[in-house]
Structure formats: C-alpha cells, structure tokens
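Participant: Here is a sequence with its predicted model. Questions after.
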Amino acid sequence: MIDVFREFLPSLPQFFGLVSVLGAALCFTLIGRLVNCDRGLANTSTLCGWALVIFAYTAIATLSALDLKYVVWATVATAAIAVWILRDRPNGLAVSNAWRLLALGAPFLLIVAAKWPSEVDVLSHWLYNAQYLFDNGTLPRPGFAKSLSVYPGFPYNHTFVLHFASALSGQFADTAANVVNFGLVILFAVLLARLIQVAQDRKMPASHDWRPVSWTLAALALILATYANPIFVRKIVLMANPDTATSVGLAFLGIVAWQLMERLRAGDERILPWALQFSFLALLFVNMKQPNLVILLILFASMAVGALFGTQKSWRQLARWTPLLLIPAIISYGLWRYFLSTTFALNEASLLPFSQWQYENIPAILRSMYANVIKKAGYFGIMFVLAGWAIWHLRKPRNDFDRLAMLATGVFLGWNGFLFFLYFAHWTGHASTGASSYWRYNTFIGYFGYAVAVYGIARLVCQGHLQPLFDRLARYRLTVSRKRLGQLVVAIAIVMPVVTAPYLRFDREQPKPYLRKIGIELGETLPKGTRVLVHIPGDAGDYATVMQYFGNRYRLDMSVAPAPIVPTIKKDIEKPYPSIPMVWAFCRSVALERYHGIKLPKDKSVLLERRDGTWHIRQSWPHPSPGLFSRFHKNFKRTGCKIAP
C-alpha cells in the first residue's frame, strides 16, 4: 500500500510546487477581491487578480530587464495589504461558498502534482521558457544567455505563473503547470455550478446573493467538468502549455460577455462591475496564446452583431463601453508585439506570403476537417446543436439562453473559419492538407460551448421541460430518489481521483520514466560540453526530447539530439565538434554493432564513447519494466525496439 502512495503522490519538491501554486492563487484572489472583481459573476477574483499581476509582469518584462522576482514579492506585499483592507469590508476575507468543489478536487491536485513533464511540446519550449525566466529573471534579449526553447517568442501569460510559483518555492517547479491547469478545470467546475444555480433561480443573482454550492452540486459540477466533459483531454490539461487556461478563460469571458449584453439590452444601470470583469478577463486572455487576440475579437464581433440586432440603445451603449472593455487588452498585446519587433527575432508562428497561399489544398483540408468532426462527434455534436438552435431563433430570440447560444455560435463559426484560413495561409505540407491539430485548436473555445450546453440542459430540467421523460422512466422503475441520486453523485466524485490516477499519470508509461532517470544521471556525470546522440529506431525526437530536457535541467552546456538511424549518427560524428559525440542506444542492432565495431548487450541500453580511435561501452542500464498500474507507451514496440508511427 505504501508503494502505491509513493507511485501516485508528489515528492517533497513537487509538494512544494503544489503549495506554491496555491499560494499564487491566494495572492491573485486577494488582489482580485481588493478591486471588487466579484461584484458581477461570482468566483472570478482569482482570474482578475491574475490579470493584474500578469499585466505588471508584461510591462516590466517588455520595457526593462528588471529581475521579475521583484514583481513576485511586490505581489505578495500587495496581497498582504489587501488582507488589511479587506478585513474591514463585509465578507472581504470570507471563504468562498463554493469551497466544497476545492475540497472534492484536492485529491486530483495531489495526483497531478506528482506528474513529470513528458510531452515534446512542453519539453521543447514551454518549460524552457519558464526555466529561462527563473534562471535569468527576464525575457531573452541580446547580451543575455541564449534560450534553449524552440519558440521563445510565444506569449508568456501562462508561463509567468510558473515563474511566480517557482519563485515562491525557491526552485524551478516544472510540475507546477499540472496544478495550475487542473486548478483551472476545478474553477471551470465552479462556473458550471453557478450556471446550474442560475438555471434553478431563473435569473443571475446579485453579487451578494449567490447561494452556497452544496455537496451534491459540487460533485455534479466536478464530474461535468472532467470525465463527462468531451473537451477534457488529459494530454492537454496535464501539460505546461496554456491551452486549458485559454479555454477556461474564454468560458468565463463568454459568460460575462453574455450578462453584459443582457444588461445593455435591458438598460440596466449596473454595468460597471460586468464591464470591469470583461476588461480584466480580456487582459488575461489576450496574451495567453498567440491566436487569442483573434478569438477575443471574434467574441466581441459576436457581441456587436447581437447588439446590432437588438435595441438601438444597446448598440450605442456597447460602443460607449468599448474602450474600457478592450483597450487594456490591446495595450498588453501591444507591449508584447513591441518587444518582439524591437528586441530581436524570436521564433513564432507567422502567415505565408500571399503568393504562397495554398488554395489547391482546400478540398483536402475540408476532407480532413470533416474526418475530425466525425471522430470527435461529442464536442462537435454539441456545437452543431447549439448552432442549429441559434440559427433557428436568429430573427427573434425568445430569451437570454437564445442570445447566449448565438454568442457561442458566433465564436464557434468565427474561430473555425479562421482555422480554415490558416490551413492554406500558414501551414504547409501534411499540416495543411491533414488539418493538423484541428481538434486541439477547437478545444481553445470548447469549454465555453460546453458551459452553454450545460446551462441549456439545466434550464430544461429546472423549468420542467423534461418532466414527461422522468415520469415515463418512473413508470418503468428506472429512477431513484433525489436523495440517493445525490449520494451516488458525491460517491462518484470522491472515488474518481483514486480510480483514475493511473490514467492521469501517463508520464509513467515506459520508456518515459526510464529516459528521465538516465537523462538526469547523464546531466550529473558527463563532462562539460558533451554531445549525446540518442538512438531509438523510429523516434522522431519525442523520446530524445525527454532525455534532453532532464539532462539539461541543471546545466546548459550538454546537447542531446535524436539519431534514430545509423547514417544520422555517422553524419553527426563527422561534424567538427570540440569532442566526438557519445551515442546512447536503447538496444542493439546489426547496423549499430557494425558501425561501432563492438558487441552490444541484448537487454540493456548503453552509452558509447570513442577512446583512442575505438568505441567502448562507457555505461549500461537494464531495460525498463512496466511500473505499478502502468505499461509501455502504445507506440513503443518493446520487442522490436522500435517506435511505431
């Protein structure tokens, strides 16, 4: 039993990373409450405080080389001042009445805090970006150390939080991103719980009238936000990239936009709290990922279209509030673009020249997009139903849900139209014709659409539209009492983290832990300036990247590169490096033995080095075995020592 806990619970440094993320969230929440951010949609103070802190990060990092740890400690000091001020406000320091969701989600946070990074995107740029901030205190610039990241020019709003957590913990917390992202999923569950309450009450409560979230509602919302959610993908949530933050941020932003438009339509004078929430959330959202400005503008365009088809007064009011809604986000985005354009060329995605746009790929792109739609029918089915509902009520929406469905449909259609454009104007080759990552890019907006669907179903249930169905089920004794159903939902929510822990910890699939362990060992023992070629037949770099990241974790002088075939090894060794590269081979092969002129062991990986003109085995490691409740990765052919595509 103790071994089971050791397998799935965080080590002491990982636990410190978890605590540091919770500390960062507490600081953000206090600052958000200080500026009265919860006066509109409940439980947004954490995101609003995050937005303000990240704006300070962006301004200082782009306009100066000041050590960003000053921002961290200034934020902590501001949070302390906020405690002193909030204690005199009614409920200023009160625990959120949605605390039961955090209690049910806490086991998830413990489990994901123990997950090591193991994905190529994370290990090739996202974590290197965060590590650079922690090591150097500022962004990459001429005269500073060179970043190991493939894309050091990607936006940093998510990465800045990893720096903040690392500064609090006193060491680089490379597993903190898992806690950040899953914490955002729990926050999304809070949003779902609030939307269900709105459906029950048939109105959006005032800021001080939000009811406590019961255990049953908390459990239901957590289930809906995770395993019942077709957009919940473990290999997106449990990565150090900002995809989950983008989707959750848009969900909050979309619901606030909806309520803002409802108040403009009704002529409600209480607009400012909602406008401020939108402004803060847009400020956070815009520099989370490179295309987020496009998504924000699509959302705002959908709001404008809704206002145009509404009363003339709502159109004028929206125009009046536009500067507050968008200018802070535009300033933040402008600061980042200014830094990129004036400092030096950082790698980032860009459009092809107009003359190279690939119109001939359009039929293949459409076929690939259709194939993705069929494969991910759960998500796209929800969005098509919402789109159909919105189009059906386009001319004369009957209620606030019809207008919310129109807003979500506008974002869905606008974003997918933009993706279609990118497939022939940005990507090339199979990335273009195969509509590369089309499903993943849809997850950027997926949580918003899913939240709208949950709210719509909750309205149907709470307003009695599904009562005939329930009555028919009761006649066949296919229903249970509400009390027992609530108990069952809570029980499921409690056991979910335990039962699904092996599913969440996909970093334990061999050979990832094996490569991580060897990478750390090589980083601690190999001479300065060593170059290591990683020979795993069929590997395109995904597995070599694991060894590279952990080998470079505490040193930058060692280089690691994939060499899946012997000709690659031969070509690299012939280059004029200061010292001849070493070769780490997962398994033996006739070609490898012939080239190196040495007999290799059968069930061991080896590190080969050249001394006095001949190759020798410097070190060897027994092949790995699956761990407790784990297996080899599905594309790793253990017996054939080959990575299958």
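Facilitator: It's in.
Participant: ranges for the strands of the protein?
Facilitator: According to DSSP state E, the chain carries its strands in the segments 531-535, 559-562, 582-585, 604-611, 614-622, 636-637, 642-643.
Participant: Of all the ones you listed, which one comes closest to Gln200?
Facilitator: Of all those, it is strand 636-637 that lies closest to Gln200, at 49.1 Å by CB to CB. The C-beta positions use only the backbone N, C-alpha and C, and glycine is treated the same way.
Participant: Averaged pLDDT, that closest one. What do you get?
Facilitator: When pLDDT is averaged along strand 636-637, the result is 70.
Participant: Likewise for stretch 268-277?
Facilitator: On average, stretch 268-277 scores 89.
Participant: go on, stretch 82-96?
Facilitator: On average, stretch 82-96 scores 91.
Participant: what residues does it touch?
Facilitator: For stretch 82-96, the external contacting residues (CB atoms under 8 Å, 6 or more residues apart in numbering) are Leu30, Ile31, Arg33, Leu34, Ala42, Asn43, His208.
Participant: contacting residues around the fifth one?
Facilitator: Neighbour list for Ala42: Ser96, Ala98, Val190, Arg194, Pro205, Ser207, Trp210 [criterion: CB under 8 Å, 6+ apart].
Participant: now do the first one
Facilitator: Residues in contact with Leu30, defined by CB under 8 Å, 6+ apart, are Gly49, Ala79, Ala82, Val83, Leu86.
Participant: follow-up on the earlier one: filter the contacts of Ala42 down to the ones in helices?
Facilitator: Among the contacts of Ala42, the members found in helices (DSSP state H) are Val190, Arg194.
Participant: Any chance of the contacts of Ala42 in a markdown table with distance to His163 and neighbour count as columns?
Facilitator: What follows is the contacts of Ala42, written out as a markdown table (distance: CB to CB, whole Å; neighbours: other CB atoms under 10 Å):
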| residue | distance to His163 | neighbour count |
| --- | --- | --- |
| Ser96 | 26 | 19 |
| Ala98 | 28 | 24 |
| Val190 | 26 | 26 |
| Arg194 | 31 | 25 |
| Pro205 | 37 | 13 |
| Ser207 | 32 | 16 |
| Trp210 | 33 | 21 |
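Participant: Can you list the neighbours in contact with stretch 592-603?
Facilitator: Under the contact criterion CB under 8 Å, 6+ apart, stretch 592-603 has outside partners 535, 566, 569-570, 583, 585, 587-588, 606, 608, 614-617, 620, 622-623.
Participant: Would you pull up how far it lies from the middle of the chain?
Facilitator: Centroid displacement of stretch 592-603 relative to its chain, using CA atoms, centre = their mean, to the nearest Å, is 43 Å.
Participant: Could I get the average pLDDT for it?
Facilitator: Mean predicted lDDT for stretch 592-603 stands at 88.
Participant: again, but for stretch 120-133
Facilitator: pLDDT averaged over stretch 120-133 gives 90.
Participant: low pLDDT regions in the chain?
Facilitator: Scanning the chain with the threshold set as pLDDT under 70 gives 1-6, 207-208, 310-312, 344-349, 465, 469-480, 627-629, 637-645.
Participant: now, which of the contacts of Ala42 sits nearest Gly143?
Facilitator: Using CB to CB, those come closest to Gly143 at Val190, 44.8 Å.
Participant: how close does Ala544 get to Pro624?
Facilitator: 16 Å (CB to CB, to the nearest Å).
Participant: So which of the two has more stuff around it?
Facilitator: Legend: neighbour count by other CB atoms under 10 Å for Ala544 and Pro624, higher for Ala544 (25 against 18).
Participant: one step back: Gln548 is nearest to which of the strands of the chain?
Facilitator: strand 559-562 (3.6 Å).
Participant: ok, that closest one: who's next to it in the sheet?
Facilitator: Strand pairing for strand 559-562, using DSSP bridges, gives strand 531-535 (parallel).
Participant: Which positions in the partner strand come out as buried?
Facilitator: Neighbour-count burial for strand 531-535, counted by 16 or more other CB atoms under 10 Å, picks out Arg531, Val532, Leu533, Val534, His535.
Participant: I'd say Leu351 and Phe424 touch.
Facilitator: No. Counting by CB atoms under 8 Å, Leu351 stays clear of Phe424, with 10.5 Å between them.
Participant: More neighbours: those two, which one.
Facilitator: Phe424 (20 against 11).
Participant: and the nearest residue to that one once chain neighbours are set aside, how many neighbours does it have?
Facilitator: Using CB to CB, 6 or more residues apart in numbering and skipping the chain neighbours, the partner closest in space to Phe424 is Gln358 (4.6 Å). Neighbourhood size, Gln358 [other CB under 10 Å]: 18.
Participant: show me the contacts for Gln358.
Facilitator: Contacts of Gln358 (CB under 8 Å, 6+ apart): Leu352, Phe424, Ala425, Thr428, Ser432.
Participant: and it, how far is that from His426?
Facilitator: The separation that Gln358 has from His426, given CB to CB, amounts to 10 Å.
Participant: Identify the contacts common to these two.
Facilitator: Leu352.
Participant: Distance check, Leu52 against Phe164.
Facilitator: Distance from Leu52 to Phe164, by CB to CB: 13 Å.
Participant: neighbour-wise, which of those two wins?
Facilitator: Higher neighbour count among Leu52 and Phe164: Phe164, with 32 against 21, using other CB under 10 Å.
Participant: Near Met383, how many other residues are there?
Facilitator: Neighbours around Met383, by other CB under 10 Å: 23.
Participant: Check Phe309 too.
Facilitator: If we define neighbours as other CB under 10 Å, then Phe309 has 15 of them.
Participant: show me the contacts for it.
Facilitator: So Phe309 contacts nothing (CB under 8 Å, 6+ apart).
Participant: And Val495, by the same measure?
Facilitator: Val495 neighbours (CB under 8 Å, 6+ apart): none.
Participant: With the one 3 residues further on instead?
Facilitator: If a contact means CB under 8 Å, 6+ apart, then Val498 has Pro107 as its contacts.
Participant: ok, now Leu351?
Facilitator: Applying CB under 8 Å, 6+ apart, the residues near Leu351 are Ala425, His426.
Participant: gap between it and His426?
Facilitator: 5 Å.
Participant: Next: Lys235.
Facilitator: With CB to CB as the criterion, Lys235 and His426 are 23 Å apart.
Participant: And Leu608, by the same measure?
Facilitator: Counting by CB to CB - Leu608 and His426 are separated by 41 Å.
Participant: That concludes my questions; thank you for your assistance.
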